[in-house]
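Colleague: Sequence and predicted model, in that order:
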Amino acid sequence: MEFDSVWRGKEREYPRLESDIVRDIVVIGGGIAGFLTAFRLAEAGESVTLIEADRLFSGTTGRTTAKITCNQGGVYAELFARYGMSAAALYYKSQAEGMRRFANLVQRYSIACDWKETDSYIFSHTLSHRLESARRVMERAGAACEWKTGADVPFGAACALKLGKQYLFDPLRFLSALPVGFEVYEHTRAVKIDAEHKTVQTESGTIQAKILIVATRFPVVNSHGGYFLKLRQSSSYVLAVSRKTEGMYLEEREDGLSVRPYAGGTIVGGEDHRTGRTAGGRFKNLEERAFRALGVTAEEVTNRWCAEDVMTFDKIPMAGRYAKNLGGVYVVTGFNKWGMANAMVCADILRDCILGRENLYAALFSPQRQIGGSLGAFLSNAATNVKGIVSGYFGMTFKTAADIPPGSGKVVRYQGKRRAVYRDESGKLYAIGRMCPHMHCELSWNGDTKTWDCPCHGSRFDIYGNILSGPAVKRCKCEAADADKNDGEDKGNGTV
Ligand SMILES: Cc1cc2nc3c(=O)[nH]c(=O)nc-3n(C[C@H](O)[C@H](O)[C@H](O)COP(=O)(O)OP(=O)(O)OC[C@H]3O[C@@H](n4cnc5c(N)ncnc54)[C@H](O)[C@@H]3O)c2cc1C
């Protein structure tokens with residue numbers, strides 16, 4: 001069994017930045033959002049440089065399930081309730097347009113990426129008002145969707161919303177085949193960003209830009225925009241099984257099953273939760289649900305992986321100016337696990353904003369929009385952040401390393417301090433600082449992925465404290481005397 005997604009391993013390699021440079025437009029983050037934005041700007045004749053902390057598409061884009069579909073179920077119910085029918089229908093239109101643009105690019109560049117047209121189903125085990133509301137919005141926007149009950153419903157569910165002519169693809173083969181008319185630096189993490197002066201400090205050189213685009217999934221600049229209050233990250237777990245299936249399916253609930261075929265079999269995702277909040281057992285639950293739904297067995301599981309995405313309160317992504325009073329800095333984030341069509345839509349919005357062109361969707365996706373009816377969600381998010389910070393500074397524990405079973409991690413008293421400590425199966429201990437360097441929330445152990453995850457903003461670290469996922473830009477230091485393999489360089493300042 002491989003502990004990685006089925007997509008990775010086909011990417012081109014690019015050099016690391018090795019000097020100070022001056023550039024026009026700099027995109028920070030090489031996932032689908034940053035890459036397509038750079039691509040669209042380069043197509044329009046702009047000179048663009050993209051920097052990526054690790055390898056291109058090594059973040060969520062390399063671990064997605066890659067359905068390109070307008071059939072996003074509950075999203076429409078949410079938009080209808082908050083903003084009314086016309087905004088919900090406009091969102092539908094944006095997704096249909098994003099989808100069409102993918103199809104056009106596949107055709108224009110003859111990209112071999114297992115592009116496949118298929119039916120999409122959102123199903124529910126209860127008679128769901130959210131799905132019915134989604135159906136009304138989609139029909140009003142011109143979608144030929146069908147309401148299914150009885151024997152026609154997949155997985156023995158109560159009802160389903162079907163939409164034909166949706167797409168599946170291999171996202172990394174698609175992205176890797178697009179012409180790269182811009183400069184790319186990999187292994188180049190932005191460790192400090194001066195948003196006012198548009199200076200980006202990396203571990204191996206400084207970049208002076210005219211325009212900055214922050215496409216790091218969760219925005220890494222804390223000094224403007226207040227994104228750390230407006231967003232949260234949600235983790236999902238994914239399996240690949242060798243059994244072939246047809247069609248794409250999504251269960252209408254927060255941790256619902258997502259199913260799609262791919263060249264080597266079928267991908268099944270689910271068990272979503274706010275990053276940093278899990279008691280473990282997610283892969284086991286997912287396997288049990290997948291076995292029940294598809295009739296597969298443990299021997300057919302070939303891959304397992306986990307990934308996270310950024311969630312907004314109103315389910316619409318954010319693409320536009322980073323902050324009202326900050327000229328020349330842009331952001332793209334908050335795809336709510338619908339980042340394929342949305343990345344295409346947002347890339348066009350950013351290109352149009354930067355080039356001073358009109359864009360039909362710019363207001364709907366504006367990071368400065370008034371997010372209606374979100375007080376409850378805002379307060380709950382703020383409370384989680386405060387709790388994480390307070391327990392980081394004032395939390396107590398009387399537990400010691402002796403309380404950690406093999407193969408597990410805990411925040412315990414170790415060598416005179418509270419530390420995040422992992423005990424491997426042979427009994428060896430690995431200790432790191434227990435506070436996330438991003439905003440000093442206390443980390444929590446994820447037994448499924450064997451990572452330290454931040455419950456506030458979703459940064460994730462391995463057992464040595466290396467960053468697996470931002471917004472942290474600094475690794476989690478280990479101060480324990482006997483901790484080995486934890487001596488990487490540490491040039492960031494933890495927050496930008
Ligand atoms: C399990 C799962 C399944 C999904 N399935 C679907 C689906 O079927 N359909 C759909 O439409 N959407 C889906 N999504 C959502 C979609 O995959 C994501 O929204 C999308 O991939 C996010 O792209 P991104 O470019 O914003 O982020 P990422 O791909 O994470 O890219 C951000 C990049 O920024 C880099 N970075 C971070 N910090 C720095 C820094 N300081 N300096 C330089 N670089 C930095 C990271 O290394 C990373 O490569 C799914 C999401 C998940 C988690």
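Modeller: Thanks, I have the structure now.

Colleague: Taking the stretch 251-400 of the chain, what residue is nearest to the ligand?
Modeller: Of all residues in the stretch 251-400 of the chain, residue 339 sits closest to the ligand, at 2.0 Å by Cβ to the nearest ligand atom. Using the backbone N, CA and C atoms, a C-beta is placed for each residue, glycine as well.

Colleague: Next one, pLDDT for that residue please.
Modeller: What the model reports for residue 339 is a pLDDT of 98.

Colleague: Could you tell me which residues make contact with it?
Modeller: Contact partners of residue 339, counting by Cβ atoms under 8 Å, 6 or more residues apart in numbering, are 32-33, 60-61, 64, 309, 317.

Colleague: For the stretch 351-496 of the chain, give me the ranges with low pLDDT.
Modeller: By pLDDT under 70, the low-scoring segments of the stretch 351-496 of the chain are 372-373, 392-398, 479-496.

Colleague: So which residues on the stretch 201-350 of the chain come close to the ligand?
Modeller: Residues of the stretch 201-350 of the chain lying near the ligand by Cβ under 6 Å from any ligand atom: 215-217, 220, 236, 238, 269, 307-309, 335, 337-341.

Colleague: on that earlier part again, would you mind putting the contacts of residue 339 into CSV with distance to residue 123 alongside?
Modeller: Listed next are these as CSV, based on distance: Cβ to Cβ, whole Å:
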residue, distance to residue 123
32, 26
33, 29
60, 24
61, 26
64, 20
309, 21
317, 25
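
Colleague: With pLDDT as extra columns, can I get the residues you listed in TSV?
Modeller: Listed next are these as TSV, based on pLDDT from 0 to 100:
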residue	pLDDT
32	98
33	98
60	98
61	98
64	98
309	98
317	98
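
Colleague: Between those, which sits nearest residue 141?
Modeller: Closest approach to residue 141 among the contacts of residue 339 (Cβ to Cβ): residue 317, at 17.8 Å.

Colleague: Give me the subset of the residues of the stretch 201-350 of the chain next to the ligand that lies in strands.
Modeller: Using DSSP state E to define strands, the subset of these located there is 236, 238, 269, 307-309.

Colleague: Next, give phi and psi for residue 390.
Modeller: phi -60, psi -40 (degrees, to the nearest 10).

Colleague: thinking again about what came up before, which ones among the contacts of residue 339 are found in helices?
Modeller: 32-33 (DSSP state H).

Colleague: If any of the contacts of residue 339 are buried, put those into a ChimeraX selection.
Modeller: Of the contacts of residue 339, the buried ones go into a single ChimeraX selection, burial set by 16 or more other Cβ atoms under 10 Å:
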select :32,33,60,61,64,309,317
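
Colleague: Nearest to residue 79, out of the contacts of residue 339: which one, please.
Modeller: Nearest member of those to residue 79, counting by Cβ to Cβ, is residue 317, at 12.0 Å.

Colleague: ok, that closest one - contacts?
Modeller: With contacts defined as Cβ under 8 Å, 6+ apart, the neighbours of residue 317 are 332-336, 338-339, 342, 345-346, 365.

Colleague: before we move on, what about residue 434?
Modeller: By Cβ under 8 Å, 6+ apart, the contact list for residue 434 reads 392, 411, 418-420, 442-443.
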